[in-house]
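**Q** Mind looking at a prediction? Sequence and model below.
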Amino acid sequence: MRERRVDRIRGILNQLGGRARVGAVLERLREREGDDSLHAAAIYVAVRNENDRRIEAGEPPAFVTRREGEAWGFMRLREHTSLKPGTPAAAIEDAILSANESVEKQLRERLARMDWRTFESAFLTLVLERLGFQDVDITQATRDGGVDARVTYKRGIVTAKALVSAKHWNQATVPPEEVRHLRGIKGDEDTGIIVTSGKFSARAREEAQPGQNQRVVFLIDGDQLVDICIRHGIGVQAVELPKLLALDDSLGVDGELTSETADANGDGEEEDDNETAAPALQRLRADMLGDEERGLSVADIADLLSLAENTVRAYLYNEGRLRHMLKRIRGDQELRERALEIVSRRRAEAEEEDDDEGDADNAGMTPRRLREDMLGDSERGLTIQEVAELTGYAVNTVRVYSSNREKRRQLLNLIRGDRELRERALKLVGAKRG
């Protein structure tokens, strides 16, 4: 199996003691890959995608960067587990991680054995649809001219078209000629996608770099394809296990409450009863979680559920974990009431600003709130490229997410939930409107 970039990054960090400056990691990565032009952004993208993949597969994130709380310019490996060694929970976690690795290996083997006709038709259709592409049209195998599918997708409010070429090549690498061929096919499709069960040559990846007035070509290799299958449940499924209980340290061995537990359940600071609250909402929804402007911020959720903020951030981008947090808040009357009061108050404040927002839009001023309709709006909002740079996602991933309302909302909440990102985004929008 070909070594992935993220595996090389992990190996470099291990050599450097588990924690190092990003610049030191970049220097060694350039040596290993033989590419002096490699940018630090490539490291952040690789580890971010790996963390997302692990979270969606039910595994703990592997890396900690500035976004997860590490010092500026540094990154480190996250500990393998937060569970106590030797406990049943730790043993079960190890068994699950080992089983997941085995399933991933078997999935690769099944893709390698798949008939090429199935790979370029039924399987390709399933992958494209799960990624959010629409109107998937598979061409006839004998007359495809190198194009196996034509699709449409949403780019903000615009519908765009793309050509797709599938290569079931397990041994040979995809050469740059395939990229040039797809780019040169006549048509009004402005995007090309090549999907392979194998890998691309270095020259093919170089050829795929976007140029002026050229069709953009995105490459999906075998490693990425396996990740897509795992993320979107293609050939695999997440198994729901019974809830495992484990003792914590809130009750000492003698049965006495620890000071931490006493503080958590005792008489803490009372909320300001004199503060005028907005009319209370009746129901907490999933889209309110992570919305710092009109819902519950990361800090709010962390405070309500006694979780670390970094843990909450990770859970927000895993549908199962997000639902679990929502269920916990809804299931506790006190937590639910506190949450709804926060949301009601925050929405009342936001509504007071709406009129000011309209005036700011008309006057070309920098807006104070980032709205969903600003994502993908290249003239008066954020371009796909700008959203990708802010969030650390690949441009193609942002394009796909922009066509899915739930995923687009996740991108919005990711930017809103980080003060620095939100300010950068609003400055970009303000510059265009000014």
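**A** That came through, no problem. Computed from a prediction, not measured in an experiment: that's the story for all the values here.
**Q** contacting residues around the lengthiest strand in the chain?
**A** Of all segments of type strand in the chain, defined using DSSP state E, the longest is strand 158-167. By C-beta atoms under 8 Å, 6 or more residues apart in numbering, the list of residues contacting strand 158-167 from outside reads 119-120, 124, 128, 133, 146-154, 174, 178, 182, 185, 187-198, 215, 376. To be clear about C-beta, it is placed using only N, CA and C from the backbone, and glycine gets the same treatment.
**Q** Which among those count as buried?
**A** The neighbour count (16 or more other C-beta atoms under 10 Å) marks 119-120, 124, 128, 133, 147-154, 174, 178, 182, 189, 191-198, 215, 376 as buried among the contacts of strand 158-167.
**Q** Report the buried residues of the longest strand of the chain.
**A** Neighbour-count burial for strand 158-167 [16+ other C-beta under 10 Å]: 160, 162-167.
**Q** and if you look at stretch 417-428?
**A** So for stretch 417-428, counting by 16+ other C-beta under 10 Å, buried means 417-418, 421-422, 424-426, 428.
**Q** Stretch 315-323 too?
**A** In stretch 315-323, counting by 16+ other C-beta under 10 Å, buried: 315-318, 321-322.
**Q** Off-centre distance for it?
**A** Distance of stretch 315-323 from its chain centroid, counting by C-alpha atoms, centre = their mean, to the nearest Å, is 11 Å.
**Q** Which secondary structure element is home to the residue sitting nearest the centre point of the chain?
**A** Compute the mean C-alpha point of the chain, and by C-alpha atoms, centre = their mean the closest residue is Asp52, 5.2 Å away. Taking DSSP states H and E as the criterion, the element that holds Asp52 is helix 40-56.
**Q** Kindly report the same for Arg336.
**A** Per DSSP H and E: helix 333-363 holds Arg336.
**Q** swap in Asp223?
**A** helix 222-232.
**Q** just checking, what packs against that helix?
**A** helix 40-56, helix 88-113, helix 124-130, strand 191-196 (3 or more C-beta pairs under 8 Å, 6 or more residues apart in numbering; DSSP states H and E).
**Q** If we use 7 Å, what do you get?
**A** helix 40-56, helix 88-113 (3 or more C-beta pairs under 7 Å, 6 or more residues apart in numbering; DSSP states H and E).
**Q** Rounded mean pLDDT for that helix, please.
**A** Predicted confidence along helix 222-232 averages 86 (mean pLDDT).
**Q** Stretch 64-72 too?
**A** 72.
**Q** so how far is the first residue of that stretch from its last?
**A** Start to finish, the residues bounding stretch 64-72 are 11 Å apart (C-alpha to C-alpha, to the nearest Å).
**Q** quick one: least confident helix or strand in the protein?
**A** Using mean pLDDT, DSSP states H and E, helix 259-265 stands out as the lowest-scoring helix or strand of the chain, at a mean of 43.
**Q** ok now do Ala112, which residues does it touch?
**A** 170, 197 (C-beta atoms under 7 Å, 6 or more residues apart in numbering).
**Q** Out of the buried residues of strand 158-167, the closest to Arg76 would be?
**A** For the buried residues of strand 158-167, the closest approach to Arg76 (C-beta to C-beta) belongs to Lys167, at 37.2 Å.
**Q** and the spatially closest residue to Ala208 that is not a sequence neighbour, which of the three is it?
**A** In this structure, Ala208 finds its nearest non-sequential neighbour in Val217, 4.7 Å apart by C-beta to C-beta, 6 or more residues apart in numbering. Under the three-state scheme (DSSP: H, G, I helix; E, B strand; the rest coil), Val217 adopts strand.
**Q** Do I have it right that Val217 meets Arg183?
**A** Yes: at 5.6 Å, Val217 and Arg183 qualify as touching, with contact defined as C-beta atoms under 7 Å.
**Q** Which residues are in contact with each of these two?
**A** With C-beta under 7 Å, 6+ apart, Val217 and Arg183 have common neighbours Gly192.
**Q** related to what we said a few turns ago, tell me which of the helices and strands packed on helix 222-232 sits nearest to Arg285.
**A** Short answer: helix 40-56, nearest of the helices and strands packed on helix 222-232 by C-beta to C-beta, at 21.5 Å.
**Q** how about that closest one: buried residues?
**A** Here helix 40-56 shows 42-56 as buried, counting by 16+ other C-beta under 10 Å.
**Q** same check, this time on stretch 204-224
**A** Applying 16+ other C-beta under 10 Å to stretch 204-224 flags 204-205, 207-208, 215-224 as buried.
**Q** cool, stretch 27-35 as well?
**A** 28-29.
**Q** what distance separates that stretch from the centre of its chain?
**A** 26 Å.
**Q** and what of stretch 240-248?
**A** That offset, for stretch 240-248, works out to 27 Å (C-alpha atoms, centre = their mean).
**Q** Equivalent analysis for stretch 92-100, please.
**A** On C-alpha atoms, centre = their mean, the centre of stretch 92-100 falls 23 Å from that of its chain.
**Q** For that stretch, list every residue counted as buried.
**A** Going by neighbour count (16+ other C-beta under 10 Å), the buried part of stretch 92-100 is 93, 97, 100.
**Q** rewinding a little: which two among the buried residues of stretch 204-224 are spaced furthest apart?
**A** Across these (C-beta to C-beta), the longest gap, 24.2 Å, separates Arg215 and Asp223.
**Q** Could you name the helices and strands sitting against the helix or strand where Ile415 lies?
**A** Following DSSP H and E, one finds Ile415 within helix 405-416. On a contact count with 3+ C-beta pairs under 7 Å, 6+ apart, helix 405-416 meets helix 384-391, helix 395-402, helix 419-433.
**Q** could you dump the ones you listed to a markdown table with mean pLDDT and distance to Arg8?
**A** A markdown table is the format used below for the helices and strands packed on helix 405-416 (pLDDT from 0 to 100; distance: least, C-beta to C-beta, whole Å):
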| stretch | mean pLDDT | distance to Arg8 |
| --- | --- | --- |
| helix 384-391 | 86 | 22 |
| helix 395-402 | 79 | 21 |
| helix 419-433 | 84 | 28 |
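**Q** Mind putting these into TSV with distance to Leu304?
**A** Compiled in TSV, those are given as follows (distance: least, C-beta to C-beta, whole Å):
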stretch	distance to Leu304
helix 384-391	25
helix 395-402	27
helix 419-433	20
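**Q** Redo the helices and strands packed on helix 222-232 as JSON lines? Include mean pLDDT and distance to Ile12.
**A** Below are the helices and strands packed on helix 222-232 laid out as JSON lines (pLDDT from 0 to 100; distance: least, C-beta to C-beta, whole Å):
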{"stretch": "helix 40-56", "mean pLDDT": "83", "distance to Ile12": "10"}
{"stretch": "helix 88-113", "mean pLDDT": "85", "distance to Ile12": "21"}
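**Q** Next, the contact list for the nearest residue to Ser201 once chain neighbours are set aside, please.
**A** Leaving aside its chain neighbours, Ser201 sits nearest to Thr173 (4.4 Å; criterion: C-beta to C-beta, 6+ apart). Going by C-beta under 7 Å, 6+ apart, Thr173 touches 198-201.
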